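1. Give the three-dimensional model of this entry:
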Amino acid sequence: MPRWAASTVRGFHGAYLRVDLDRGECERRPLPAETLRRYLGGVGLGSYLLYREAPPGVDPLAPEAPLVFAFSPLVGTSLTTSAKFAVVAKSPLTGFLCDALSSSHFAIEGKRMGVDALVFVGRCAVPSEWIAGELRPSANWGRSAAQTEAALRPEGWVAAIGVAGENGVRYATISNEGRHAGRGGLGAVMGAKRLKAVVVRGDRNTTVARPERVTALARALAKRAAGPATAKYRELGTAGNLLAFDRVAALPTRNFRGDRFAAAEALSAEELAPRHGRSRASCASCAIGCEHRYALNGEAPIRVEYENVFALGPLLEIGDPAAVLRASQRCDELGLDTISAGGTLAFAMECVERGLLDKGPRFGDAEAVLYYLEETAHRRGLGDRLAEGSRRLAQQLGSGALAFAAQVKGLELPGYEPRALQTMALGFAVGTRGADHNRSGAYELDFSERVDRLHGSRAAAALAIEPEDRAALLDSLILCKFLRGALEDLYADAAELLQAVTGWDVSADELRAVARRVVALRKAFNIQEGWTPEDDTLPARFLDEALPAGPVEGTRLPRARLRAMIDAYYEARGWCPDGRLPDAVREDLGLDPDTGEMG
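-> Numbers count the residues shown, from 1 in each chain. Got it, this is the predicted structure:
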């Protein structure tokens, strides 16, 4: 394995590895301590490297488009939930910045290679695998990510794509150890580079400034992580949200035409466990253990989350638990993002009902779902159009189809009904990744007493910045978001962790500035790539149609209300009235006022 010079930066290696797939060459490039302190790691560092490396206006599937794997200062330490990494690229689904997180041993071993990030550019001459610094022709092209991982595991820890990534499905995933960097089509970016797998193997341990203090903090954090604040994740996992959302009429069904599902109880975690058996697992270096797996006909257990149950169950009007589990399993095997796969199928089902498609899947037809997932991953027949996502399919069909394609900026909505959760509706509209519950977190406010979730307001919009900034910091450190309830003060606690790991005299206020900077940098990238104020909105369905039942009958989200919330959000962020970045923010990012290039 090639060796690169060590760094004296504690918690970091002070460099990234730029891999040119055209030449098969690796170049270690420095990352100054100032840059690392300003962006940390994960999505912050990944967004910085993408902005620096991506030619403005680059096609996401072009050889020149970078694909970034970014680690963090905490990974490799004994701190719980820190074994995570970010994958960052320009999304082939949205055309804007996409960052997705995954976890476990790949993160630990990747950082042990002696770098803080891997940046892949170019395209392999033939389908290949990058194995700890060496390119080799792939013998696994056409196989699933899991099969590829099993074949390459003796070489190191593996992140791989399935056939959906190979075939350029715009919502293909990158998988490792049964986990997925799932949203936005990062697997398609990897497939366009003819890169089947990335294998990491290293021998450089993370050095910390105050080892004894890190150990003490790790013990205290692990104790809190195993406490009552995370109990629901251990007991039911995120699938426990399904019944809760149904009870408050916020569970999207039938392509977001309903908010309750008659078969919700059968699909709930409370019912799945006794019927299908359950096992639990954890990511590496995790004290929470949120992963729940369910058996199906004696086969390997299937990992279940709220979002895949929602997207392949209620959204498609499928209430058979076995059918939903089977569809989820097939998405994982093919390398398809379950949210976008379900959202695109739901849209296609409504198009069939309306006569906009001559043939295709129909609501409630579980066999058709399996068939069209396969067709999509291989881009056969109608599957070739489904592989483009709901927005592009709607644009092809015309006839007002965009009005009921449930997406923002091209990214299909997760399982949160915007009209019943109106602060979350704002989070969807302004999100830089698109419709996204992991980068906004505004639903936390909707389920609190701080806002009226059925009547969005300017005051709620200002509050929505808080969970968005917290998410940006957690995703840059990186720590699991399930820890947020176990942390008394995220910024103060994070400052204490970074002080012990890096030796920096970092403060809570400094980390608040880091969070705001990361959010602004992602926005700056999108502006460079053609974002306009019209992109910050919701489809007409959510602004023109009332919920049929709703928490209160006829619940609506009027256009004027959403517009007022967006204006208030821009104002509270200190951005321009049209959502662009003022000179002071651009200066803080180090952007040239004329060219937009980063200095």
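
2. From now on I want contacts and neighbour counts done on CA atoms only, so please keep to that.
-> OK.

3. isn't there a strand covering Arg136?
-> Yes: judged by DSSP: H, G, I helix; E, B strand; the rest coil, Arg136 forms part of a strand.

4. How about it: which residues does it bridge to?
-> When assigned by DSSP bridges, Arg136 has beta-bridge partners Glu129.

5. hang on, isn't it packed against Ala125?
-> No: judged on Cα atoms under 8 Å, Arg136 makes no contact with Ala125 at a distance of 10.6 Å.

6. so who does Val19 touch?
-> The neighbours of Val19, taking Cα atoms under 8 Å, 6 or more residues apart in numbering as the test, are Glu25, Cys26, Glu27, Leu118, Val119, Phe120, Val121.

7. swap in Leu186?
-> Each residue near Leu186 by Cα under 8 Å, 6+ apart is listed here: Val87, Val88, Ala89, Ser91, Pro92, Cys98, Tyr171, Ala172, Thr173, Ile174.

8. Neighbour-wise, which one of those residues leads?
-> Ala172 (39 neighbours; other Cα atoms under 10 Å).

9. From Cys331, how far off is that residue?
-> Ala172 sits 9 Å away from Cys331, going by Cα to Cα, to the nearest Å.

10. quick one: common contacting residues for those two?
-> Asp337.

11. quick one: pLDDT of the spatially closest residue to Leu397 that is not a sequence neighbour?
-> If the residues on either side of it in the chain are set aside, Leu397 comes closest to Leu356, at 6.8 Å by Cα to Cα, 6 or more residues apart in numbering. Predicted confidence (pLDDT) for Leu356: 98.

12. Burial check on Leu356, number of neighbours?
-> Neighbours of Leu356 using other Cα under 10 Å come to 16.

13. is it fair to say it lies in a helix?
-> No: applying three-state DSSP, one finds Leu356 to be coil, outside a helix.

14. I figured it hits Gln396, correct?
-> No: using Cα under 8 Å, Leu356 makes no contact with Gln396, being 10.4 Å away.

15. List the beta-bridge partners for Gly258.
-> Here Gly258, judged by DSSP bridges, has bridge partners Thr253.

16. hang on, I meant Asn176
-> Taking DSSP bridges as the rule, Asn176 bridges to Arg179.

17. Ok, Ala197 next?
-> Beta-bridge pairing for Ala197 (DSSP bridges): Glu129, Ala160.

18. Quick check, it in contact with Gly162.
-> No: using Cα under 8 Å, Ala197 makes no contact with Gly162, being 9.6 Å away.

19. more crowded one of these two?
-> Shown here are Ala197 and Gly162; by other Cα under 10 Å, Gly162 has more neighbours (32 against 28).

20. which residues does the more buried one contact?
-> Gly142, Arg143, Ser144, Ala145, Ala172, Thr173, Ile174, Gly187, Glu333, Leu334, Gly335.

21. The third one - how many residues pack around it?
-> Under the neighbour criterion other Cα under 10 Å, Ser144 is assigned a count of 22.

22. Ala226 touches Ile288, doesn't it?
-> Yes: using Cα under 8 Å, Ala226 is in contact with Ile288, at 5.5 Å.

23. More neighbours: these two, which one.
-> Shown here are Ala226 and Ile288; by other Cα under 10 Å, Ile288 has more neighbours (26 against 17).

24. List the contacts of that one.
-> By Cα under 8 Å, 6+ apart, the contact list for Ile288 reads Ala225, Ala226, Thr230, Tyr233, Arg234, Ser282.

25. right, and out of those, which lies closest to Leu487?
-> Comparing these against Leu487 with Cα to Cα places Ala225 closest, at 8.8 Å.
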